[in-house]
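Student: Need a 3D model of the following:
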Amino acid sequence: MKASNAQWTKRFAGEIPENLSREIDIFEAEIALRKQGKLDERLFAETRLRRGAYGQRYDNGKRHDGKAVQQITYSSGSLTKGPSTMWDAPGMQRIKIPAGGLNAEQLETMAELAEEYSDGIAHVTTRQDFQLHYIHIDDTPTVMRRLAAAGITTREACGNSVRNVTACPYAGVCPDEVFDVTPHARALSKFLLGHPDCQNFGRKFKPSFSGCSQHACGLARMHDMGMIAATRTENGKQEQGFEVYVGGGLGAVPYQAKLFDSFVPATELLPLAQAIARVFARLGEKKNRSRARIKFLIQDLGIEKFKELVLEERKNLPFDPRWTQYVTDAEQSHETPLRPASESAVAAPEGFERWRETNTRAQKQAGYAVVTVALPLGDITADQLRSLADIVRRFTKETVRTTVEQNFVVRWVSLGDLPEVYEALRAVGLGDAGASHLTDIVTCPGTDTCKLGISSSRGLAAELRRELTAKDSSIDASVDKLHIKISGCFNSCGQHHVADLGFYGVSRKMSGYAVPHFQVVLGGEWENNGSSYGLPVMAIPSKHIPEVVARLTSRFASEGKPGEAFKDFAKRIGKAELKNILDDLARPPANPSDHSIFTDWGDPREYSLGDLGVGECAGEVVSSTEFDLAAAEREVFEAQVAWESGEFDKAGKTAYEAMLHAAKALVKIDNPNISDDPDRIVGEFRTRYYDTQKFFDPFAGGKFAHYLFAAHEKARQLHTSDSSRYLIDEAHLFIEAAHSCYNRLGTAAAVV
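Tutor: Residues are numbered from 1 along each chain as shown. Next comes the predicted model:
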């Protein structure tokens, strides 16, 4: 704990809104109780999560050095802040920024906190939040107080709560928008924050706003509740409202949101959200966290039944004046320019034209532009935050927002000021071109700081950015606007499902070593509010992913039709051909002494946690389990091809059989004579791997086993496009879990 913490408490006495101050005081008391052993660790874990204080990698006190697991000694001894989470282990503080809106003072506050409590770097997330890493739990109340004094809260930034309400960062200035959604996003955020109807969810709930249907800025169709601005005219009068979607989400298995209503009047939005929250809290899953998101509730009930329940709940809600008052209050804040519109007479500096092409876009207000400040890996230093605060004060009325692509946008920049803005940004290392283009790669923290990270998403992103930037001038125009998104595991924090080229981390064995891999996911759609998701093609060693990108972009540049989207190109040439393009990259290196493949990007440690295998006769020892799991993967690929051909029932049945065969592969380790009877396979898998928790993921628990059990129960049902698509994704994840289980077992299975 920093010695200055007590001074900050006195400094802000009476300056922080009473409700926020009370919240922080309560949390500080809970910290004291936990340190005295008077508060259960599980209860404390959820309480800190609801205040944005998250766990971080190695906080269980263990780290693998490439040879063996080593213990990390903390001065707090055995005290924990959650199950297997050591008290003194540094954590992550997530900070909510509703609709991404910030001012200069808030940027400076973030700089101070990053410098004093973190590692000097603030990270912008794919939900327009900030994250500070390496924060000690004892310092979090002071961090929260200093943020609160600047008008920022961390409440419900994590946990089973309503997360940050995101919105298009161009809202209010976009030429294509129906109307400015900013006041509604801010009103919903304020209304649902701490609302009693939002405190009993089984999992998180993510809302989003978009001002139009055709762009990606709000990604409304992949959210728990997504709003797209709409209008209707009745009796000659135009009315504002929203096209409302519910039940979307990425995660391990992505779900497309369902249309709840094509038009909800703006005055009805807050009570509708409250009614949805009440239904989710009452009927949503609580015990099985793998099915606790609202998307599963809607899947189980059906959208029509869900809508019926919500509308009935809405009828019973007592009137709340905040439904309209919060929107009215938010509408009082209007952005205006600092400087008059003008055209520049200043000579353009070197690099300006490329930057202007990729990092600026015209506002609907003539003479002004929005400037995007591209942040490599979503990171910005404390000094850069201060410099950005100075720049936005100099050229605007502090109109800056974060974006879901992990960047900043500065709004209301006079066209005449663009050369000076570019020079100012470039002088502090913030003048990179390529925003929202191929080099602007989105990535989650991955193995750098996330406990769930399997492969180094940030390491890979940095390498791809380096290679692509080096050949920026030679990149074909058709390729330049593709989106690359990377997640360190299956959970899609990097939004890989809506990328043209998406990747998520997995682990496989090669030559007896555990090798970092990325599953290649192709053909997602970023535009149209993220309206369609890509499908996995195959897993490739992490060190080969740059070549994957090179081959796919080269093929698209040479064979793509004029104006053809990458998702359409991928669909046209087919999954089988895409696999052929990449197939050799999945193989072990030709040179047995080349061990570079056994390390991850930016990490000199050997990735392997298992023992080396010894081959015979210059060959490799390969177990029957590995062969069987490879066969199961092949079946999933065949299911994808069937789905692509419109053979949905065949696709679903093949995906189920793939899961069944992967389960059998594990059962055979102990019972080589297991029959092909599905009931017998599932029964023995449940007894040997689920009931014993051998199959459980360290963080997801038995989630992936439930995919098999559910598919087995519905094995005789006909499959639709949606159901087979979901089953294919679930089969991929089940097989990945089978690989991980096998790696953990370290069993010397029978050699073929």
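
Student: all strands for the stretch 1-150 of the chain, in order.
Tutor: 53-54, 62-64, 69-71, 80-82, 85-86, 91-95, 101-102, 121-124, 130-135 (DSSP state E, counting those that start in this stretch).

Student: Look up how far residue 297 lies from the residue nearest to the spatial centre of the chain.
Tutor: Centroid check for the chain by C-alpha atoms, centre = their mean gives residue 493 as the closest residue, at 1.8 Å. Computed with C-beta to C-beta, to the nearest Å, the distance linking residue 493 and residue 297 is 22 Å. Bear in mind the C-beta positions are built from the backbone N, C-alpha and C, glycine included.

Student: just residue 450 next, same as before
Tutor: From residue 450 over to residue 297 (counting by C-beta to C-beta), the distance is 27 Å.

Student: Can you pick out the residue with more neighbours from the two?
Tutor: More crowded of residue 450 and residue 297, by other C-beta atoms under 10 Å: residue 450, with 24 against 21.

Student: coming back round to it: show me the contacts for the residue nearest to the centre of the chain.
Tutor: Residue 493 makes contact with 126, 444-445, 450, 487, according to C-beta atoms under 8 Å, 6 or more residues apart in numbering.

Student: Dump those into a markdown table; add pLDDT, secondary structure and distance to residue 404 as well.
Tutor: Shown next, in a markdown table, are these (pLDDT from 0 to 100; DSSP: H, G, I helix; E, B strand; the rest coil; distance: C-beta to C-beta, whole Å):
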| residue | pLDDT | secondary structure | distance to residue 404 |
| --- | --- | --- | --- |
| 126 | 95 | coil | 5 |
| 444 | 94 | coil | 13 |
| 445 | 92 | coil | 16 |
| 450 | 89 | coil | 18 |
| 487 | 96 | strand | 14 |
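
Student: Top of those residues by number of neighbours, please.
Tutor: Going by other C-beta under 10 Å, residue 487 tops the contacts of residue 493 with 33 neighbours.

Student: Which residue is the nearest non-sequential neighbour of that residue?
Tutor: residue 494 (3.7 Å; C-beta to C-beta, 6 or more residues apart in numbering).

Student: one step back: dump the strands of the stretch 1-150 of the chain to TSV, plus distance to residue 733, mean pLDDT and mean neighbour count.
Tutor: Below are those laid out as TSV (distance: least, C-beta to C-beta, whole Å; pLDDT from 0 to 100; neighbours: other C-beta atoms under 10 Å):
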stretch	distance to residue 733	mean pLDDT	mean neighbour count
strand 53-54	23	94	26
strand 62-64	24	84	13
strand 69-71	26	85	10
strand 80-82	25	92	23
strand 85-86	25	91	21
strand 91-95	25	96	25
strand 101-102	36	97	24
strand 121-124	27	98	23
strand 130-135	26	97	22
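
Student: right, and these - which one's nearest residue 342?
Tutor: The closest of the strands of the stretch 1-150 of the chain to residue 342 is strand 101-102. By C-beta to C-beta, the value is 25.8 Å.

Student: Which neighbours in the sheet does that closest one have, and how are they oriented?
Tutor: Taking DSSP bridges as the criterion, strand 101-102 forms sheet pairs with strand 400-402 (antiparallel).

Student: Confirm residue 668 sits in a helix?
Tutor: Yes - counting by DSSP: H, G, I helix; E, B strand; the rest coil, residue 668 falls inside a helix.

Student: Looking at it now. What's its pLDDT?
Tutor: At residue 668, the predicted lDDT confidence score is 91.

Student: Please apply the same query to the one 5 residues further on.
Tutor: The predicted local confidence for residue 673 comes out at a pLDDT of 82.

Student: ok, it - contacts?
Tutor: Residue 673 neighbours (C-beta under 8 Å, 6+ apart): none.

Student: Adjacent strands (with direction) for the helix or strand hosting residue 208?
Tutor: Residue 208 is part of strand 207-210 when elements are defined by DSSP states H and E. Using DSSP bridges, strand 207-210 pairs in its sheet with strand 166-167 (parallel), strand 225-234 (parallel).

Student: Put together a markdown table for those, with distance to residue 735 and mean pLDDT on each row.
Tutor: A markdown table is the format used below for the strands paired with strand 207-210 (distance: least, C-beta to C-beta, whole Å; pLDDT from 0 to 100):
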| stretch | distance to residue 735 | mean pLDDT |
| --- | --- | --- |
| strand 166-167 | 33 | 97 |
| strand 225-234 | 31 | 96 |
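
Student: which phi and psi does the residue nearest to residue 487 have?
Tutor: phi -90, psi 0 (degrees, to the nearest 10).

Student: what's the neighbour count on it?
Tutor: Neighbour count of residue 494, defined by other C-beta under 10 Å: 30.

Student: where do the helices sit along the stretch 51-200 of the chain?
Tutor: 104-117, 140-149, 182-192 (DSSP state H, counting those that start in this stretch).

Student: can you list those in CSV and add distance to residue 288?
Tutor: Listed next are these as CSV, based on distance: least, C-beta to C-beta, whole Å:
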stretch, distance to residue 288
helix 104-117, 37
helix 140-149, 30
helix 182-192, 25
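
Student: The ones you listed: which one's closest to residue 321?
Tutor: Ranking those by proximity to residue 321 (C-beta to C-beta) places helix 182-192 first, at 11.1 Å.

Student: Could you tell me the angle between that closest one and strand 225-234?
Tutor: On the basis of axes from the mean of the first three to the mean of the last three C-alpha atoms, to 10 degrees, helix 182-192 is oriented at 130 degrees to strand 225-234.

Student: Residue 510 contacts residue 541, correct?
Tutor: Yes - using C-beta atoms under 8 Å, residue 510 is in contact with residue 541, at 7.2 Å.

Student: hang on, the earlier thing: mind putting the strands of the stretch 1-150 of the chain in CSV, distance to residue 602 included?
Tutor: Formatted as CSV, those follow (distance: least, C-beta to C-beta, whole Å):
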stretch, distance to residue 602
strand 53-54, 22
strand 62-64, 16
strand 69-71, 20
strand 80-82, 28
strand 85-86, 25
strand 91-95, 19
strand 101-102, 30
strand 121-124, 15
strand 130-135, 16
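
Student: looking at the ones you listed, which is closest to residue 150?
Tutor: The nearest among the strands of the stretch 1-150 of the chain, by C-beta to C-beta, is strand 101-102 at 9.5 Å.

Student: Need the contact partners of that closest one.
Tutor: 182, 186, 398, 400-402.

Student: The same query, at a cut-off of 10 Å, please.
Tutor: With contacts defined as C-beta atoms under 10 Å, 6 or more residues apart in numbering, strand 101-102 is touched by 109-110, 128, 130, 150-152, 167, 169, 171, 182, 185-186, 333, 335, 385, 388-389, 392, 398-402, 408, 411.

Student: List buried residues within those.
Tutor: For the contacts of strand 101-102, a burial check counting by 16 or more other C-beta atoms under 10 Å picks out 109-110, 128, 130, 150, 152, 167, 169, 171, 182, 185-186, 335, 385, 388-389, 392, 398-402, 408, 411.

Student: helices or strands up against the longest helix along the chain?
Tutor: Criterion DSSP state H: the longest helix present in the chain is helix 721-745. Packed against helix 721-745 by the contact rule (3 or more C-beta pairs under 10 Å, 6 or more residues apart in numbering; DSSP states H and E) you find helix 294-301, strand 501-510, strand 513-522, strand 535-541, helix 624-644, helix 648-670, helix 703-713.

Student: Any buried residues in whichever helix or strand comes after the first one, and which?
Tutor: Moving toward the C-terminus from helix 294-301, the first helix or strand encountered (DSSP H and E) is helix 303-316. The neighbour-count check on helix 303-316 (16+ other C-beta under 10 Å) flags 306-307, 309-310, 313-314 as buried.

Student: neighbouring contacts of helix 303-316?
Tutor: Here helix 303-316 makes contact (C-beta under 10 Å, 6+ apart) with 197, 246-247, 257-261, 268, 271-280, 282-283, 294, 297-302.
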